[in-house]
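A.B. asks: Kindly return the folded structure for what I paste below:
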Amino acid sequence: VIRSKINLEGAGAYDTDRALQGQSPYIVNVGLSHNWVQTGLNTTLVYNIIGDRVAQVGTDGYADIYERHRNLLDFQLSKRVWERGEIKLTWSDIFRPDFMYYQDNNADHKFNEDVDNIMQQLNNGSSITLGFSYRF
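C.D. replies: Numbers count the residues shown, from 1 in each chain. All right, here's what the predicted structure looks like:
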């Protein structure tokens, strides 16, 4: 949890009392991993969330634009093969949350669909990759 604040009174800013641009109020990273030594199999599950943060600073008459938080979950399965090889399967962004940028019209530092404008919303989907590496 981070409580940074900047006071912009008299600077022509729309929201004069907010966090620094790009500063999230909280960050959560949780990982769970297990290694089966005898089989050479390894699994990892990682969860990450970053709180809403100012993406673009507004000026007098134009509200700040925030990047909305996203819940991210990634999974990786790897297997040692031969003596120096490894096969790795990775599934990234399992939840597939939207990227959302919204204009915080009421300056409450959180998304309110009745008041705030959605400036951009897109979804890149999740990705699955399969790779092989060999150490020489």
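A.B. asks: Just the mean pLDDT for the particular helix or strand that has Met119 in it, thanks.
C.D. replies: Per DSSP states H and E, Met119 falls inside strand 117-122. Mean pLDDT, strand 117-122: 97.
A.B. asks: try stretch 56-64
C.D. replies: Stretch 56-64 carries an average pLDDT of 87.
A.B. asks: give me the low-pLDDT residue ranges for this protein?
C.D. replies: Across the chain, residues meeting the criterion (pLDDT under 70) sit at 1-16.
A.B. asks: what's the strand holding Met119 in contact with?
C.D. replies: Residues outside strand 117-122 that contact it (CB atoms under 8 Å, 6 or more residues apart in numbering): 65, 98-103, 105. Using the backbone N, CA and C atoms, a C-beta is placed for each residue, glycine as well.
A.B. asks: how about CSV for the residues you listed, with distance to Val57 added?
C.D. replies: Output for the contacts of strand 117-122, formatted as CSV (distance: CB to CB, whole Å):
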residue, distance to Val57
Ile65, 8
Asp98, 23
Phe99, 19
Met100, 18
Tyr101, 13
Tyr102, 14
Gln103, 12
Asn105, 15
